[in-house]
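J.: let me see the structure of the following:
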Amino acid sequence: MTVVKFKKLLDLAILPIKEKVEEPQFHDDSSRWIKSRRVKGVCWPYRMAKELGWTVVSPIDIEIHPVKEIQTILDKPEDFARLKQMMPMEDWAHKKDTLIGITPAGWYKVHEYKYKGLFYPMFMPNGEGTFEWRQGWSVEVPDNHLLLFQPIETQDGRFITYPGMLTGPSIPRVQEKLGIPIAFEPLKVCRIRRGEPIAKLFILPKSVISLRSEIMPMD
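T.: Predicted coordinates:
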């Protein structure tokens, strides 16, 4: 049996949830005309798809804000001082050789959590208004499997969770400090509640990467 192991790194973390679609209950015996039977819960393709994988939920209550940003590459330290005067951003983050200025920043910078005696940020600016949102848990999968993150089924325009795939050595590497990250972008000022679904996680055999399509001629 193939086993996937989840582990909490923070006490507030919520491990991914295996969804179970309940059989719908009908309470319309007394209705003359309205008897709805074609509902999603009785459609087996829908149920099987919903129950495949795990649902990732928010570990915290948080008010999110869309951000403005500037990206640059600077060679001289004095240029950074001048740039900060011209562009009074609330936060500056390095991503490889790129410097990213972000505002507003207080809503995510306040979320720092202790892991092994040190405090680390839960949100890391990643460019174009997106963030790496560390979930506070880790996952261990067999070597011949990969991780695939997908957006949740319902999108109400408040935020976007972007697709992402991790394989091989990248899986333990990205989980250092505060655990697995998902790619996330706030679109509206709103509140996400602890336990609210934010993404879907699939763990699949690596062989899916090598699948190829073939176009067959019409008869």
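
J.: just how off-centre is the helix of greatest length in the chain within its chain?
T.: When the chain is parsed with DSSP state H, its longest helix is helix 77-86. For helix 77-86, the distance from its own C-alpha centre to the chain's C-alpha centre is 33 Å (Cα atoms, centre = their mean, to the nearest Å).

J.: for Trp107, pull up the helix or strand it's in.
T.: Per DSSP states H and E: Trp107 is located in helix 106-109.

J.: go on, Leu146?
T.: Per DSSP H and E: Leu146 is located in strand 145-150.

J.: check which element follows that strand along the chain.
T.: Tracing the chain past strand 145-150, the next element assigned as helix or strand by DSSP H and E is strand 159-161.

J.: let me see the backbone angles for Lys206.
T.: In this entry, Lys206 is assigned phi and psi values of phi -60, psi -20 (degrees, to the nearest 10).

J.: for Pro186, same thing?
T.: When quoted as degrees, to the nearest 10, the phi and psi of Pro186 stand at phi -70, psi 140.

J.: that one reaches Ile64, doesn't it?
T.: Yes: look at Pro186 against Ile64 with Cβ atoms under 8 Å: they come within range, at 3.9 Å. For the C-beta atoms, the positions are set from N, CA and C on the backbone; glycine is no exception.

J.: would you mark the buried spots in the strand holding Leu146?
T.: Neighbour counts using 16 or more other Cβ atoms under 10 Å place His145, Leu146, Leu147, Leu148, Phe149, Gln150 of strand 145-150 among the buried residues.

J.: contacts for it?
T.: Counting by Cβ atoms under 8 Å, 6 or more residues apart in numbering, the neighbours of strand 145-150 from elsewhere in the structure are 2, 4, 56, 139, 141, 161-167, 171, 180, 182-183, 199-206, 208-209.

J.: which of the residues you listed are buried?
T.: Among the contacts of strand 145-150, those scoring as buried are 56, 139, 141, 161, 164, 166, 171, 180, 182-183, 199-201, 203 (criterion: 16+ other Cβ under 10 Å).

J.: nothing else from me, thank you.
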